[in-house]
Every structure is written in structure tokens, then in C-alpha cells.
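A.B. asks: Show me how the following folds:
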Amino acid sequence: MPDAPFPQQAGRQAGAAIAPIAPAGTAVPVAAPQPPVAPRRSHATAFHGIARQDDWFWLRDREDPEVRRYLEAENAYTECVMAPVRALEDRLYREMVARIQETDLSVPERDDDWLYYHRTEEGKQYPIYCRRHGSMEAPEEILLDENVLAEGHAYFRLGTFEVSPDHRRVAYAVDTAATRLPVWPAPQFARPCASTAGP
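C.D. replies: Residues are numbered from 1 along each chain as shown. The predicted structure follows:
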């Protein structure tokens, strides 16, 4: 009576596919997630007589549902890839925050009789722009508090902050749409400073 075939032989004889068996304690490799690929959409532009082809120009359109879906896919891919080191990210973040002096003050800069500076407060994300007249012992005047301006916005960035030469008005521009194109707040871009003391 012929010997019975080994299981591998039986599988080959039956035409079955045999999966390799990993040694005990060996992690079975998992296919890495694939990043999303933005489709190309032909778009030609011309600047100063120079023609350019930008196949990803369509990603500028914030109202396009396809743009949103693609960005969400990128975010999901990033979350998946970075998941194994999430605990390390949190630990590094805590270490860095522990070394940051959240309540801090910049070096005052004198302009005529005024001392201008900005400061930060613990628990607040943005700086506060201030000044004092004559010396740092004088009462503080808050010219602009970015934390107040940022309220109600998912994104906020101060683009420009300037005090007029007579120290009586301040002008600033902000970006609340993440376009990196700051705009002047309506209806007027400049407002009086808290005090008209000084020159």
C-alpha cells in the first residue's frame, strides 16, 4: 500500500494554495496603507507671457466636494500611518510644553516715548501686544489681544500689525480662512490706541 502523501503534497495534488506558516512568536506582516493620489486635471495658466500647466490647480477650490473628500482621505491616511507612534508623540509634546515658559514677556522696544512689547499667558494660544509710556513701571495698555480676535474661528493668524507714527492708531490684518492672504478687518482697518498720551 503506497505511503500517504504529506499534507503539502496532498495540497499540491489537489491544486490548493498553501499559505506559508510563520514560526511561533513571529508577527505576520500587514500590508502598509497606500496614500491617496490626487487625480490630474489639466489646467493652463499664463503669467507675464509664460504658460504653465498645473494639473492640481483644482485643489484650490474649497467649495469642490472632491477637494474635501481628498483632504479627508489624506488626513485618514496620516492618522493610520502615525497611529503606532501616537503615544510617543504625546510624550514628546508633554516634554516640550514642560520646557516652555508659557507666561513670558518680550524685550521692550522703545519708539519715541513709548515702550512696545508683546507677552503670552499660560493657557492662551496667542500673544498680547502692549505698550507702556515712559517706562515699564507705567500702566500697561493692551493694543491688540490675538486671543480675543481668534475667538469663534477654527483658524487664526495675524498677518500685519503696525502702529502709526504718531502712536495714536494701530492697523492690523488677519487671516481666518487659512489662505495665507490676510485681510483688513471691516469696516475700518485702523482703530485708535487706548490712550492719546505722548508726543
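
A.B. asks: so where does residue 81 fall, helix or strand?
C.D. replies: Element membership of residue 81 [criterion: DSSP states H and E] is helix 65-82.

A.B. asks: Could you list the residues in contact with that helix?
C.D. replies: Residues from elsewhere that reach helix 65-82 (Cβ atoms under 8 Å, 6 or more residues apart in numbering): 32-36, 38, 58-59, 61, 89. Backbone N, C-alpha and C define where each C-beta goes, glycine included.

A.B. asks: Among these, which lie within helices?
C.D. replies: Judged by DSSP state H, those include residue 89 as members of helices.

A.B. asks: Buried among the contacts of helix 65-82? Make that a PyMOL selection.
C.D. replies: In PyMOL syntax, the buried subset of the contacts of helix 65-82 is picked out as below (16 or more other Cβ atoms under 10 Å):
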select buried, resi 38+58
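
A.B. asks: about what we covered before: if you count neighbours, what's buried in the helix holding residue 81?
C.D. replies: Quick answer for helix 65-82 (16+ other Cβ under 10 Å): residue 70.

A.B. asks: Run the chain-centre distance for it.
C.D. replies: 15 Å (Cα atoms, centre = their mean, to the nearest Å).

A.B. asks: Do me a favour and average the pLDDT over that helix.
C.D. replies: Helix 65-82 shows a mean pLDDT of 94.

A.B. asks: Can I get it in CSV, CA atoms only?
C.D. replies: Taking Å, rounded to 0.1, in the frame of the first residue of the first chain, the C-alpha atoms of helix 65-82 are listed here in CSV:
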residue,chain,number,x,y,z
PRO,A,65,-16.7,68.4,-2.7
GLU,A,66,-13.9,66.3,-4.4
VAL,A,67,-11.3,68.5,-2.7
ARG,A,68,-12.8,68.0,0.7
ARG,A,69,-13.0,64.2,0.1
TYR,A,70,-9.4,64.1,-1.0
LEU,A,71,-8.2,66.1,2.0
GLU,A,72,-10.2,63.9,4.4
ALA,A,73,-8.5,60.8,2.7
GLU,A,74,-5.1,62.4,3.3
ASN,A,75,-6.0,63.0,7.0
ALA,A,76,-7.2,59.4,7.4
TYR,A,77,-4.0,58.1,5.8
THR,A,78,-1.9,60.2,8.1
GLU,A,79,-3.8,59.0,11.2
CYS,A,80,-3.3,55.4,10.1
VAL,A,81,0.4,55.7,9.4
MET,A,82,1.2,57.7,12.6
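
A.B. asks: Fine by me, we can end here.
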